[in-house]
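*Asks:* Make a model of this:
(one chain, ligands or ions: 1)
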Amino acid sequence: MPDRLIIAIFASGKGSNFKAILDAIRAGKIPSAQIAVVLSNKPDSGALRIASESGIPAIHIDWNQFPSDEQLTDCVLGVLQEYLVNFIVLAGFMKKIDPRVIGVYRHRIINIHPALLPSFGGAGMYGRHVHEAVLKAGETVTGATVHLVDEEYDQGPIVLQRRVQVEPGETPETLAAKVLSVEHELYPEAIRLFAEGKVTVDAQHVTIMNSQ
Ligand code: GRF
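*Replies:* Reported below is the predicted structural model:
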């Protein structure tokens, strides 16, 4: 049996992906996972508000208050240890994850990106910029990607992807809304696969066993 997932959500923004994951867990769709803590660099983020309203520990860490990266990382690792976290879910988190955290949680950190990686990823590719770039490139298909987080930004091995059709007359806003609603299905699905021990990572290669 795989270990139960004890999840920390890292989020900077609205928290709609966090909410989708929480709803899936509370609906019994991911029986062997729990959200132990939500951590944010933004004190007023929707994610922290949702966590507080849902009875989940909500922790704000001010990324700028530490004299060194070393001390910031000690603080982050301390919180993760305190809540016995064994899996990290980045859900709209706007800060870089320190290599030390990646080392401790190797193959146990996932992120969701609002495009079909490796396209439209990397520096500057977040939020509206992603959908603007997709439209500017004249793509007819975009989508969402769940991937493992490693030291290279947006380049970790891909776990799941789902495609979204780009219709004529689409704007960055309409596209963002369509991709986001796909994310809300894809992210809980990816977490379920990890919770059921169906994802194995061998070097840079992800294998997913029968996903039923
Ligand atoms: C999502 O579009 C996700 O792909 C990206 O950040 C956004 C977070 O949205 N990484 P929300 O805060 O979960 O609503």
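
*Asks:* Which part of this protein gets nearest to the ligand, residue-wise?
*Replies:* residue 92 (2.6 Å; C-beta to the nearest ligand atom). All C-beta atoms are positioned from the backbone trio N, CA, C, and that covers glycine.

*Asks:* neighbours around the nearest residue to that residue once chain neighbours are set aside, how many?
*Replies:* Nearest non-adjacent residue to residue 92, counting by C-beta to C-beta, 6 or more residues apart in numbering: residue 13, 4.2 Å away. Using other C-beta atoms under 10 Å, residue 13 has 18 neighbouring residues.

*Asks:* ditto for residue 151
*Replies:* Counted with other C-beta under 10 Å, residue 151 comes out at 12.

*Asks:* what's the answer for residue 186, then?
*Replies:* Look at residue 186: counted by other C-beta under 10 Å, it has 22 neighbours.

*Asks:* repeat for residue 52
*Replies:* 12.

*Asks:* Give the burial count for the spatially closest residue to it that is not a sequence neighbour, as a bare number.
*Replies:* Excluding its sequence neighbours, the residue lying closest to residue 52 (C-beta to C-beta, 6+ apart) is residue 58, at 4.7 Å. By other C-beta under 10 Å, 21 other residues sit near residue 58.

*Asks:* Would you tell me which residues of this structure are close to the ligand?
*Replies:* 11, 13-17, 91-92, 112-114, 180, 183 (C-beta under 6 Å from any ligand atom).
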